[in-house]
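Peer 1: Kindly return the folded structure for what I paste below:
(one chain, ligands or ions: 1)
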Amino acid sequence: MDAVATYRVFAEVYDRYVGGFKEDLPLYQSLCSGRNPILEIGSGTGRVLAALLRDKHVVTGVDISAEMLAVAEKKLAYFIRRGALTLLNHDFVHSGLSTTFSAALVTFYTINYVFDDPQREDTWEETELDGANGTMTLRQKRSMNGNFEERLQIFRNGANQREITTRRMYYDKATIVGALEECGFTDIEITDGYCLSGFHKLERKEIVRGSFVVKASRD
Ligand SMILES: C[S@@+](CC[C@H](N)C(=O)[O-])C[C@H]1O[C@@H](n2cnc3c(N)ncnc32)[C@H](O)[C@@H]1O
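Peer 2: Below is the predicted model:
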């Protein structure tokens, strides 16, 4: 299953699953402060777009999933009407955009969808997801092969069941920094978690402890 197929199904449950996650937003908001226009690559259902729009930025969101874009379009219709938001169905891996942006964000695991196809292996876990219409059960199995993950999730709400397969690559810091350098980016800095005061240049043998954010500049 590729990202388009994954998010075709995910769109329906995405906001319930991670729509309430806000820990990373202050970091993006701070990095975008004073900048316009902003591009978010892999903008999904608009979790990050909404925060930037509330801060009065002019934003373009691109995504490969028509279903995720449709949710964002519905939620953020007010900003589209006012000309503050443009949504595009666009695959950032295979082509660029002609517009120039003051800042571009690739947030919240979107970069992990860029990979050449490897193999895999297994484990299961179960959680309850609370929402306005009661509790939903999530059963998931992650198969890791090196840094490549294939995840099978079963969202169950009464008689309704949705199965979602997600394939993602977890990159180490040096690989991301190397890719940005190759594309002509400078001032490359990393922070662990979403800690705004933690940005630093990549250190030799720096390991990945969990989520990290990379920022960089390009003329
Ligand atoms: C984990 S979601 C993140 C959504 C949103 N940024 C957020 O923080 O909630 C990843 C998004 O990246 C999109 N995506 C994956 N590969 C893409 C590609 N090549 N071009 C554009 N979007 C892509 C998926 O469709 C999905 O909506």
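Peer 1: use CA for all of it now, contacts and neighbours both
Peer 2: Fine.
Peer 1: what residues does the protein put near the ligand?
Peer 2: The interface of the chain toward the ligand, taken as CA under 6 Å from any ligand atom, is made up of 3-4, 7, 41-44, 47-48, 62-65, 68, 90-93, 107-110, 113.
Peer 1: Report the secondary structure state of the residue lying closest to F10 once chain neighbours are set aside.
Peer 2: Of all residues beyond its chain neighbours, the one nearest F10 is I164 (6.6 Å), with distances taken as CA to CA, 6 or more residues apart in numbering. At I164 the chain is in strand, as set by DSSP: H, G, I helix; E, B strand; the rest coil.
Peer 1: What distance do you get for I164 to the ligand?
Peer 2: Applying CA to the nearest ligand atom, to the nearest Å, one obtains 13 Å for the distance of I164 from the ligand.
Peer 1: Domain map for the protein?
Peer 2: For the chain, the domain assignment from automatic domain parsing gives the residue ranges 1-113, 124-169, 172-219.
Peer 1: what separates stretch 44-61 from the chain centre, distance-wise?
Peer 2: Distance of stretch 44-61 from the chain centroid (CA atoms, centre = their mean, to the nearest Å) equals 13 Å.
Peer 1: Quick check: buried residues in that stretch?
Peer 2: For stretch 44-61, a neighbour-count test (16 or more other CA atoms under 10 Å) marks 44-53, 57-61 as buried.
Peer 1: Other residues contacting stretch 204-215?
Peer 2: The set of residues external to stretch 204-215 that reach it, using CA atoms under 8 Å, 6 or more residues apart in numbering, is 172-173, 176-177, 187-194.
Peer 1: returning to what we had before: so among the residues of the chain next to the ligand, which ones count as buried?
Peer 2: Buried residues within the residues of the chain next to the ligand, defined by neighbour count using 16+ other CA under 10 Å: 3-4, 7, 41-44, 47-48, 62-65, 68, 90-91, 107, 110, 113.
Peer 1: All the strands of this protein, residue numbers only.
Peer 2: Chain-ordered strands for the chain, with DSSP state E as the definition, fall at 38-41, 59-63, 85-89, 103-106, 124-131, 134-145, 148-157, 160-169, 186-192, 212-217.
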